[in-house]
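1. Give me coordinates for this.
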Amino acid sequence: RRALTGRLAYPILVVLVAALVSLLFAVIGMPGLGLGFWGGAALALAACTGLVSYAQRRLRTDPGFELPFVAAPIARAAATPYFEAVHALYAAGVRIDQAHGEAVSTCPHAALRARLVAAQTSLAAGVPYAEALATAGAFDDWVRTVLRDAERSGNLENGLRHVITRLRAATDAAAQNAIRVLGGLAYACAVLVVLVTVARFYGGLAERLGGIGR
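-> Take a look at the predicted model:
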């Protein structure tokens, strides 16, 4: 959040200043960005707000709903607290099936949590941990492969630690990429606003000077 705020602070400041300059232009009779520009910006903001509201409502009514494009990074981030809880419990001597059952509630992603609940049934029947996760379709193939190899070698604790390390790194990388993309879009919008403001100002100034010459 701090990194995203830092990326967006300057572009937002530029847009706000452009809005104030546009109001000043309107007061002195010079063309600013115009109602069309700000109306379009307001509609775009309303559309984004509507999409977020729709996604929130859909997630409340349909636990299996996954957002397009960002479903995988969100599920990966949600897997981290689950594995952290499983690792802590298993390292403390709790059996893996019991550790899994207690850690399911730490997963904030509804669709993934439903798969983990399904895996609990297989674990209760004596199915190995990695195989139970695979049967339920939980997590990526590499996660299940690491856990399967670690479980077969009797070193599941280290396997869980390895998965946590990789998940954290992948989540951090995805977050940084998202921040860069959002920051780039915000800067592009700020530059567009500045260019349009300058073009409108000089266009209006040239029109006034031409009128004076005539």
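2. What part of this structure, helix or strand, is modelled with the least confidence?
-> Ranked by mean pLDDT, DSSP states H and E, the weakest helix or strand in the chain is helix 34-61, scoring a mean of 70.
3. next SSE after it?
-> Using DSSP states H and E, the helix or strand that follows helix 34-61 in sequence is helix 71-91.
4. Quick check: next helix or strand after that next one?
-> Once helix 71-91 ends, the next helix or strand along the chain (criterion: DSSP H and E) is helix 96-103.
5. how many neighbours does residue 109 have?
-> A count of neighbours around residue 109, defined by other CB atoms under 10 Å, yields 21. All C-beta atoms are positioned from the backbone trio N, CA, C, and that covers glycine.
6. go on, residue 187?
-> Other residues lying near residue 187 total 15 when counted by other CB under 10 Å.
7. Isn't it up against residue 11?
-> Yes. Between residue 187 and residue 11 there is a contact under CB atoms under 8 Å: 5.3 Å.
8. Report the mean confidence score over stretch 195-211.
-> What stretch 195-211 shows for mean pLDDT is 69.
9. Just the endpoints, please. Distance across stretch 101-109?
-> Counting by CA to CA, to the nearest Å, you get 16 Å between the two ends of stretch 101-109.
10. That one: which residues count as buried?
-> Neighbour counts over stretch 101-109 (16 or more other CB atoms under 10 Å) mark 101, 103-104, 106-107, 109 as buried.
11. Pick out whichever of these sits closest to residue 89.
-> Distance to residue 89, by CB to CB, is smallest for residue 103 among those, at 6.5 Å.
12. contacting residues around that closest one?
-> For residue 103, the contacting residues are 82-83, 85-86, 89, by CB atoms under 8 Å, 6 or more residues apart in numbering.
13. Pipe those into TSV and attach pLDDT and neighbour count per row.
-> Shown next, in TSV, are the contacts of residue 103 (pLDDT from 0 to 100; neighbours: other CB atoms under 10 Å):
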residue	pLDDT	neighbour count
82	94	24
83	94	22
85	95	18
86	95	27
89	95	18
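14. want to throw these into JSON lines with distance to residue 182?
-> Below are the contacts of residue 103 laid out as JSON lines (distance: CB to CB, whole Å):
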{"residue": "82", "distance to residue 182": "27"}
{"residue": "83", "distance to residue 182": "27"}
{"residue": "85", "distance to residue 182": "30"}
{"residue": "86", "distance to residue 182": "32"}
{"residue": "89", "distance to residue 182": "36"}
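15. Kindly indicate which of the residues you listed lies nearest residue 127.
-> Ranking the contacts of residue 103 by separation from residue 127, with CB to CB as the measure, puts residue 86 on top at 15.9 Å.
16. And the nearest residue to that closest one once chain neighbours are set aside, how close does it get to residue 24?
-> Nearest residue to residue 86, sequence neighbours excluded (CB to CB, 6 or more residues apart in numbering): residue 103, at 4.5 Å. The gap separating residue 103 from residue 24 is 58 Å, by CB to CB, to the nearest Å.
17. How about residue 149?
-> Counting by CB to CB - residue 149 and residue 24 are separated by 66 Å.
18. Neighbour count: these two, which is higher?
-> Regarding residue 149 and residue 24, a neighbour count based on other CB under 10 Å identifies residue 149 as having more, with 14 against 11.
19. Report the buried residues of whatever helix or strand that one lives in.
-> Assigned by DSSP H and E, residue 149 belongs to helix 141-152. Residues of helix 141-152 classed as buried: 143-144, 146-148, 150-151 (neighbour count, 16+ other CB under 10 Å).
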